[in-house]
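A.B. asks: fold the following for me, if possible:
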Amino acid sequence: MDFVSSRVITADITRLVDFYERVTKVPATWGHKEFAEIRTGSGTLAIGSTNTVPLFAPGSAEPAANRTVILEFLVDDVDSVYEDLKEIVTDFVNEPTTMPWGNRALLFRDPDGNLVNFFTPVTPEAKEKFGR
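C.D. replies: Residues are numbered from 1 along each chain as shown. Here you go, the predicted structure:
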């Protein structure tokens, strides 16, 4: 089995895709007007409109209701990225902070309120874990 992607459901797909294109600097691949993907070298963030939910199971997903998942992206220099994101992100949860497990992390919310973590490994153990 291979983990392929995480999917976010949104009521405003254009706004959310634009946000993720801007913060990741990765252009989206649109599979349909109701579905797009931000593909990175190690994973994919899929973004679907609320119109896709009934195709799976009506009422099974609700946009802007997440309070348990954090979408995480490995970046080369989280402090530098933080400075760039100040022009894009309006809801920072914290500034870059070194975590006990060796990553320097920046937590913010996307326009739908989903938590996003951009992080850089900074300790030798964390760098080794992520091949840095």
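A.B. asks: residue 9 is in contact with residue 55, isn't it?
C.D. replies: No: between residue 9 and residue 55 there is no contact under CB atoms under 8 Å: 11.4 Å. For every residue, glycine as well, the C-beta is placed using N, CA and C.
A.B. asks: what residues sit buried inside the helix or strand bottoming out on mean pLDDT in the chain?
C.D. replies: Ranked by mean pLDDT, DSSP states H and E, the helix or strand of the chain with the weakest confidence is helix 53-56, at a mean of 94. For helix 53-56, burial by neighbour count (16 or more other CB atoms under 10 Å) applies to residue 53.
A.B. asks: now do the next helix or strand after it: which elements does it pack against?
C.D. replies: Using DSSP states H and E, the helix or strand that follows helix 53-56 in sequence is strand 70-74. Contacts defined by 3 or more CB pairs under 8 Å, 6 or more residues apart in numbering; DSSP states H and E place strand 70-74 against strand 115-121.
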